[in-house]
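> predicted model follows, preceded by the sequence.
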Amino acid sequence: MLSLKSLRRINTAGLYRALPILVVVACCVSLTTGQSRPAADLMIRHAKIWTVDAAHPTAQAAAVLRGRIVAVGSDADVEAWRGPETQVIDADGKLVLPGFNDAHCHFVSGGQQLDAVDLNDATSPVEFAHRIAERAKLTAKGEWILAGNWDETKWTPGELPTKELIDPLTGSVPVFVSRYDGHMGLANSVALRFAGITAQTPDPPGGVIVRDARGNPTGALKDAAQDLMSKVIPPLSTEQRVHLAERALAHAASVGVTSCQNMDNGDNQTYSDLAAFSLLQEQGKLTMRLYVAPSIVDWKDQGKIGVRRAFGTSFLRIGALKGYADGSLGARTAYFFEPFVDTPGNHGLLSGQMQPPSAMRERMLRADAAGLQLCTHAIGDQGISMILDFYADIVKEHGAADRRFRIEHAQHMAAKDFDRFAKLGVIASMQPYHAIDDGRWAEGRIGHDRASRTYAFRSFLDHGVRLAFGSDWPVAPLNPMLGVYAAVTRATLDGKNPGGWFPEQKLTVAEAVEGYTMGSAYAEFQENEKGSISVGKLADMVIVGDDIFSIQPAKIRDVKVWKTFVGGKVVWDAKRPPASN
Ligand SMILES: [Zn+2]
């Protein structure tokens, strides 16, 4: 029933999955060859396929049956899968890649960002205030102005905004707009009043209420101080979350993201997001696969019902936990061994979850015993080092296991920590776009030596550490082409490092694509299900407008997605192939 050639290409897992289907379908389809064989639902031909499968790195064609890849090879090899009902797509010689798997995103916040006032490219405090004022005019009574992704480093001088800037323009509308890294927000006076924040309010552990010379709050709240505000912001309803997730799904499909690993963003609302995803799954509207990591603070919820790492369906899984070691470089709250060079004495801040560190250690040990996967945000070298200590303690106390510890961001490494990072099998879950963004000003904050081990992609690979790539959307754009471009060029957004910022840390296009596909699949225990275009795997693929392996690296950022397939179904179709660069 199956030719030897196709058998050779079917791995065991794929064969067992495919066989029952083949038995049913084979009797119904008879091809002109006289051979009886199931017909594919979808066939992509005349393509330049980069499979990310080391055994067969390139191919011309692929066939899909019932959501899975059943054949990969030359046009001739795959032709035998054609039947009268097969949807045949001529790729016109374009590049086909496995669907991108974003290992770190905040999906509903991303949808919210698509809907929100956009402050990210405001180039001055006046422009920033103007956009908020315009939004305030459209804001209904009782609603807040949120999100925004402002970035004061794009202004001159790059000073933090204050409530005085927006108070006269926002009237009775409460405002709490976020810095793009999520580690700071600016409130107006109305919002501060709602939250009860005054000159007398002490800084919470792990947070800072920024104050003026007289000790009055300026409206800027750093890290855990933002929780004072989250408590009074009305939570999104499930209906609103579904709407935002649908916006985000459409955007994801248009940029070729077929899987996303959704990380708690510190506001402990991940269960509510999960409810929205679950509803969408039930309605057959999830057009992208999600792995959801709620807050580690709530580890018992999953632990007590026996959910373990990577539990769920091919579209929606849980069993991971997101924790926080520290803040961010941008907010000067990443936790370092040595102080920031531009703010003497400031080593950054451990997160609220690390107050005290022993509480985090205990939580991690118990969560690991329950079989849950640990994904921990750590940015400063000391923050990373402390989490590696805890991970080492877990291995010591519970013995070796396939647990796939992750450090999210792994931004600024101590030279001494690369080896044990590898030895503990920790996955570096990184977002290459941050390198070209933070690279504009990182050296001014931490000096040359520490900057040389910042977003150290090459050093990680050289030490045998696995990379999983993502975006951290909406902190950075979701578009994976920007991530690949960033990893390959390290050309900072200000245009000051066209040859690459610490160019010795650049990756090849193949390595960057692998980080975004197999790397992120491994990071969620799904390397046998996705991450490459291989027989037996889920048929998640993208056709892109240009061959990113042969064009100039600087042009990769402009490459568009032509078609996106999830489980063999078209979820994005630009109709026409995008114009070449
Ligand atoms: Zn994040």
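Ah, there it is.
> list the contacts for V426?
L388, Y391, F405, R406, I407, V465 (Cβ atoms under 8 Å, 6 or more residues apart in numbering). (C-beta placed from N, C-alpha, C; glycine too.)
> could you do V210 as well?
The contact partners of V210, by Cβ under 8 Å, 6+ apart, come to L160, P217, T218, G219, A220, L221, K222.
> what about those residues, which are in strands?
Of the contacts of V210, the ones assigned to strands by DSSP state E are P217, T218, G219, A220, L221, K222.
> I'd say the first one and T201 touch.
Yes. Because the distance of 7.4 Å satisfies Cβ atoms under 8 Å, P217 is recorded as touching T201.
> any common contacting residues for the two?
I209.
> show me what counts as buried in the helix or strand hosting V242.
Taking DSSP states H and E as the definition, V242 sits inside helix 238-254. Judged by neighbour count (16 or more other Cβ atoms under 10 Å), helix 238-254 contains these buried residues: 240-249, 251-254.
> any chance of these in a markdown table with distance to D301 as columns?
Formatted as a markdown table, the entries for the buried residues of helix 238-254 read as follows, by distance: Cβ to Cβ, whole Å:
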| residue | distance to D301 |
| --- | --- |
| Q240 | 23 |
| R241 | 18 |
| V242 | 22 |
| H243 | 26 |
| L244 | 23 |
| A245 | 21 |
| E246 | 26 |
| R247 | 28 |
| A248 | 24 |
| L249 | 25 |
| H251 | 30 |
| A252 | 27 |
| A253 | 31 |
| S254 | 34 |
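> list just the nearest of these to Q526.
Distance ranking of those against Q526, using Cβ to Cβ, places A252 first at 16.9 Å.
> so L374 bridges to which residues?
Beta-bridge partners for L374, by DSSP bridges, are L321.
> what count of nearby residues applies to it?
By the criterion of other Cβ atoms under 10 Å, L374 has 26 neighbours.
> I'd assumed R406 was in contact with it.
Yes. Applying Cβ under 8 Å, one finds L374 in contact with R406, separated by 6.7 Å.
> helices of the stretch 51-200 of the chain, start to end?
Applying DSSP state H, counting those that start in this stretch to the stretch 51-200 of the chain gives helices spanning 75-79, 107-115, 125-138, 163-170, 189-195.
> so which of these is the most packed in?
helix 107-115 (a mean of 24; mean count of other Cβ atoms under 10 Å).
> that one packs against which elements?
Secondary-structure packing of helix 107-115 (3 or more Cβ pairs under 8 Å, 6 or more residues apart in numbering; DSSP states H and E): strand 145-150, helix 238-254, helix 270-282.
> can you lay out these as CSV showing mean pLDDT and distance to A422?
Shown next, in CSV, are the helices and strands packed on helix 107-115 (pLDDT from 0 to 100; distance: least, Cβ to Cβ, whole Å):
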stretch, mean pLDDT, distance to A422
strand 145-150, 92, 34
helix 238-254, 96, 32
helix 270-282, 97, 30
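> identify whichever of those lies nearest to A521.
Of the helices and strands packed on helix 107-115, nearest to A521 by Cβ to Cβ is helix 238-254, at 16.3 Å.
> after the closest one comes which helix or strand?
Next along from helix 238-254, by DSSP H and E: strand 257-263.
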